[in-house]
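> With the input below, show me the fold.
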Amino acid sequence: MGVRALFGAGPDEPEVTTARGARKRAAVEVAPEPNPRDLLRAQRRAALRDEVGALAWLALAIFLGGVLLAAAWSAISAGDGTDAVRGPFGAIGSLVATPLLTILGWTGALFLPFAPFVHALRRFGRLSARDDRNWLLFLGGCALLTPVVVALALGVGRDSNLAVGVWGGFVAFYAVTGFGAFGAWLLMAFALCALTIGTLAWNPVRALLAGRPAAAASEADDTADVAAIDGEVAPRKRRSRAAAIVEDIAVALEPAPEEMPALDPVLAKRALTPAAPEPVVPAEEARRGKRTKADAKADTDAAAVGKLVAEMQAADAATAETMAERPPKAILSEAPPRNAEVGRKELDAAAQRLEEVLRTFKIDGRITGRTVGPTVTQFEYEPAAGVKVRQIASLSDDLALAMRAPSIRIVAPIPGKGAVGIEVPNATREMVVFRELVDHPEFDHAKAALPIALGKDLEGKPVIADLAKMPHLLIAGATGAGKSVAVNTIITSLIYRHTPETLRFLMVDPKMVELSVYNDLPHMRHKVITDSKDAASVLKWAIMTMEERYELLAANGCRNLQDFNKRVRDGVPLLKPRNPEVAFEDRTYTKGALPYIVVIIDEMADLMMTVQGEVETPIARLAQKARAIGIHLIIATQRPSVNVITGLIKANFPSRIAFRVASQIDSRTILDGMGAETLLGNGDMLFIPPGKSEPSRLQGAYLSSEETERLMDWYRDRKNGTSAEARDLAAAIDAAQADDEEDILEMVRKREALAAGQDAGDEESASGERDKLFFDAAEVCIQNQGGSTSLLQRRLKIGYGRAARVIDQLHAAGILGPPDGSKPRDVLVGIEELPRFVGGGNARD
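Residues are numbered from 1 along each chain as shown. Next comes the predicted model:
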């Protein structure tokens, strides 16, 4: 190799490049678009290396812990001295354990196995790099300081001791010699406090003075106030673009020694916009050495994707400082004092009365058991041989008359038992308060993705269902039966488990009064929809979102939303759906985890009467396909008739809740069986859980309107704040979220206008040819004695743009009059004159 080849060309000499080198460099610089499959394979190999490395570190932790424990126990059993260090792990175990126990003693050496265990958690993705470093420093400090503290407590001198080792005795001896006993203890206390503050951000002195565990110095004052009221406020990480810059805005809003000017909204909005990622030039990667074309391309892909993933992880680390809290449980009302339980004598008398009444109808049998619930008591009646179950089931009204009960429900037979269930109402009903279910450990520790607290069963046990497994819920009940309260408890249950970053609501309330209280809820993707036409647009948006999410999951090989979000949290590079107009570097997904979306329709009957053609198909499509991508429907109605709950909708709602209904026909519609007409009202319900066909009787939880209003006041107070700085901060965050999320109705209108323009492209030329639906539109307007764009959209099922053009054509032809504000246009001709206006050429054959 020559000097020129070793050091390169001089500053004034041109660099000589051979033809072969030029071709190789050009091949690297003009590399084709990388294959996403190669990238995914590289990701899987990297994940496999992390898993194997984590297992290796975990094995090292177990080996080191076992060696030290066995050697320490062997030495303690043999006597106080390090010469007795032996263990069952052979020569290597003795070689490892002897110097560690000799130097640090068993009080310090036993901290060492936790270091590889913490690092294994880091490789498994359970700890961040910063937490891994802090815990390793903490464990190392404990390994050094603990033997010294034990040596001071035992009064060990410079001589070696099995408990504290050479290090503990040596440091303790010279600390006492130099500072005295009190000074040595003070020095160790200071060292331990400095260790916990520097690594765990926890000050034990502050905790001792305050009487409770102190949080980090940056903890917000309002968080401490809420924690004092509630006792357990669980913070959650926010994963939105607005949260990533909250810390910077808060620093900018801190009062300075001089008067600080007001925050400029325009500047704040600009500050909230993150800078675009700097592109990585493939040629720079290629010039680092002689590589093959495939190697250079792989390195370029890894660098581009790695940089974007690093930026996303940095944004997530910044959002860790911004905590979203659950509302305190003190907002909810506590349960009233319980009434005395139903006495055994009263229950025995009721059972005897049931047997006597059944004997009068020539039905023999006996009561074998009973279950006392909050609302009813279920008696288990075992009929004698030869008695048909159908005979007992037909006697519900006669039994109610004999027992002086409002109604009696008969379960013939009880699933899994050889008995018939006779449910008799209790003399005194027990109210189930929503606070009871939220306080129950089953709600706090539920593994459900979308837990909803429904009420208590016949045995008085809380029922916590998972909306994600249902995956959609159909609710029906007459007025006053408890349907609206159940919807409120479902919404509140989800609020207490999810932040706005992990759950978004879409609510449709044609009655305008039931759900409007939730307009200020930060979980809302859009304000509560009260117009039926807007409800159809919201469902269309849900369909578009479903399709986009499925394309995103398919591009990354994910089966469901949980799999995709897990990869986002683990920092796995992900891709956007393939688009020929987008470069590969711009296809890296950087938006974070996808939230669940829950669509709630409070009165389905009103929508089916006004816009059935526009809502029935989207609801059916969402019910069939939206489960895997995290979109779930909750539909409630007061009229569970076949006209409202059609077969197309009902087939995709296996989970249903029925409150008291007016007739057996309505009960069959909602439950595919009788029983809902015999319920007692006020929260008494029948619930069909996922995977089962037989309903279970529950007493629904009660949540008052005052509790809901207090909950919304809590969110309003946190949003508005008490200072100008807090209000400016909230306004800046809202502006960032507005940039992230486009208005749903506006988005749907744009899509419809674009689709209508594409549909009409082949139908209407520049010469002014009439639309193919011109004759049909004219007939619709004449039959309705008025013409409007919305009328044609509903009747002809076309988009807004096309309907507007047809209206203009009808006006130009003289069929419709001029516009009159928001009123429909006047019709100027009759149906018999229509062929003359259309000229026959464009008329329908």
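> make it CA atoms for all contacts and neighbour counts henceforth
Fine.
> which residues in the stretch 351-500 of the chain form strands?
365-372, 376-383, 409-411, 420-425, 451-456, 462-466, 473-476 (DSSP state E, counting those that start in this stretch).
> quick one: the most centrally placed residue in the chain and Tyr496, what's the gap?
Nearest to the mean C-alpha position of the chain, by CA atoms, centre = their mean, lies Thr502 at 3.6 Å. Using CA to CA, to the nearest Å, Thr502 is found at 12 Å from Tyr496.
> what about Asp672, neighbour count?
12 (other CA atoms under 10 Å).
> picking up where we left off before, I'd like to know which of the strands of the stretch 351-500 of the chain is closest to Glu752.
The closest of the strands of the stretch 351-500 of the chain to Glu752 is strand 473-476. By CA to CA, the value is 29.3 Å.
> in its sheet, what does that closest one sit against?
strand 631-637 (parallel), strand 655-658 (parallel) (DSSP bridges).
> Quick check: which of those strands is buried the most?
Highest mean neighbour count among those (mean count of other CA atoms under 10 Å): strand 655-658, with a mean of 26.
> What residue, apart from its backbone neighbours, is nearest Ala405 spatially?
Of all residues not flanking Ala405 in the chain, Pro425 sits nearest, at 6.7 Å (CA to CA, 6 or more residues apart in numbering).
> where in this protein is pLDDT low?
Residue ranges of the chain with pLDDT under 70: 1-43, 75-90, 156-161, 203-325, 338-342, 580-586, 721-740, 753-768, 837-845.
> quick check: longest helix of it.
Longest helix in the chain, counting residues (DSSP state H): helix 36-78.
> Quick one: list the elements packing against that one.
Secondary-structure packing of helix 36-78 (3 or more CA pairs under 8 Å, 6 or more residues apart in numbering; DSSP states H and E): helix 90-109, helix 114-124.
> Toward the C-terminus, what is the element adjacent to the last one?
This means helix 114-124. Sequence-wise, the next helix or strand downstream of helix 114-124 (DSSP states H and E) is helix 129-154.
> and the helix or strand harbouring Thr617, how far from the chain's centre?
Here Thr617 sits within helix 604-625, counting by DSSP H and E. A distance of 25 Å separates the centroid of the chain from that of helix 604-625, by CA atoms, centre = their mean, to the nearest Å.
> Might you report the residue contacts of Gly482?
Phe659, Gly681, Asn682, Gly683, Asp684, Gly700 (CA atoms under 8 Å, 6 or more residues apart in numbering).
> what about the strands in the stretch 601-750 of the chain?
Using DSSP E, counting those that start in this stretch, strands in the stretch 601-750 of the chain cover 631-637, 655-658, 684-688, 696-700.
> Not counting the last one itself, show me its contacts.
It stands for strand 696-700. 374-375, 432, 454-458, 482, 486, 683-689.
> Columns neighbour count on top of the contacts of Gly482, output as a markdown table?
Output for the contacts of Gly482, formatted as a markdown table (neighbours: other CA atoms under 10 Å):
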| residue | neighbour count |
| --- | --- |
| Phe659 | 34 |
| Gly681 | 21 |
| Asn682 | 18 |
| Gly683 | 28 |
| Asp684 | 25 |
| Gly700 | 30 |
